[in-house]
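# got a sequence here, can you build the structure:
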Amino acid sequence: MPKRIGVGDLAPDFTLTDQSEKSINLKKIFEQKCVVFFFYPKDFANLCTTQVCSFRDNYEVFQGLGAEVLGISADNPATHQLFSEKYRLPFSILSDHGDAVRKLYGVVSSLGFLIAGRVTYIIDKQGVVRSMFSSQVRIKSHIEEAFEILKQLQ
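Modelled structure (predicted):
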């Protein structure tokens, strides 16, 4: 596994398909605004739903801080579409089939490799990682950490 991408590193670019089967490219977004993207294990799992809905509930705040939000899991676009519709998600959730981007960023699984890592990254407009927060259970902290960093970037 490659080294984990961390604060100060250039964010590796990627293009993934979202819930509408649209290709989303990281670089095209961060050239316009900061990006907050988070890896989560699985659509419809309890903690994952809580995490994704926390980002949904705070989406306008993220937008106000000049950031776009993206969620990433290995689920396929069709599952993402159902998940997005059920929870009325205003942002793209991307399908990382085969965990290629998760591996590119060095996001490791936890609990003996049973659960995919839950990590949030903040990327500035120059493509530099400004924050990387990892916690399987401190869901609210993913949001709080992102707000603090985005406020500093303003």
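# which ones are touching the closest residue in space to Gly98 that isn't next to it in sequence?
In space, and not counting its chain neighbours, Gly98 is closest to Ala74: 7.3 Å by C-beta to C-beta, 6 or more residues apart in numbering. Bear in mind the C-beta positions are built from the backbone N, C-alpha and C, glycine included. For Ala74, the contacting residues are 42, 95-99, 102, 116, by C-beta atoms under 8 Å, 6 or more residues apart in numbering.
# against Phe91, how distant is Ala74?
For Ala74, the distance to Phe91 equals 18 Å [C-beta to C-beta, to the nearest Å].
# do I have it right that Phe83 meets Tyr40?
No: counting by C-beta atoms under 8 Å, Phe83 stays clear of Tyr40, with 10.6 Å between them.
# higher neighbour count, those two?
Tyr40 (27 against 21; other C-beta atoms under 10 Å).
# quick one: contacts for the more buried one?
Tyr40 neighbours (C-beta under 8 Å, 6+ apart): 48, 51-52, 71-73, 116, 118.
# now with 10 Å, please.
Shown in contact with Tyr40 (C-beta atoms under 10 Å, 6 or more residues apart in numbering): 47-52, 55, 71-75, 93, 116-120, 136, 139, 142.
# what residue ranges in this structure score low on pLDDT?
1-2, 109-116, 134-138 (pLDDT under 70).
# list the buried residues of the lengthiest helix in it.
Longest helix in the chain by number of residues (criterion: DSSP state H): helix 139-153. Neighbour-count burial for helix 139-153 flags 139, 142-143, 145-147, 149-150 (criterion: 16 or more other C-beta atoms under 10 Å).
# and if you look at stretch 46-53?
48-49, 51-52.
# pull the CA atoms of that stretch into CSV?
C-alpha atoms of stretch 46-53 as CSV (Å, rounded to 0.1, in the frame of the first residue of the first chain):
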residue,chain,number,x,y,z
ASN,A,46,-25.8,3.0,10.5
LEU,A,47,-22.7,5.1,11.2
CYS,A,48,-22.2,5.8,7.5
THR,A,49,-25.7,7.1,7.1
THR,A,50,-25.2,9.3,10.2
GLN,A,51,-21.9,10.6,8.7
VAL,A,52,-23.3,11.3,5.3
CYS,A,53,-26.4,12.9,6.7
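# check which helix or strand the most centrally placed residue in the chain maps to.
Centrality entry for the chain: nearest residue to the mean C-alpha point is Phe38, 1.9 Å, by C-alpha atoms, centre = their mean. Taking DSSP states H and E as the definition, Phe38 sits inside strand 34-39.
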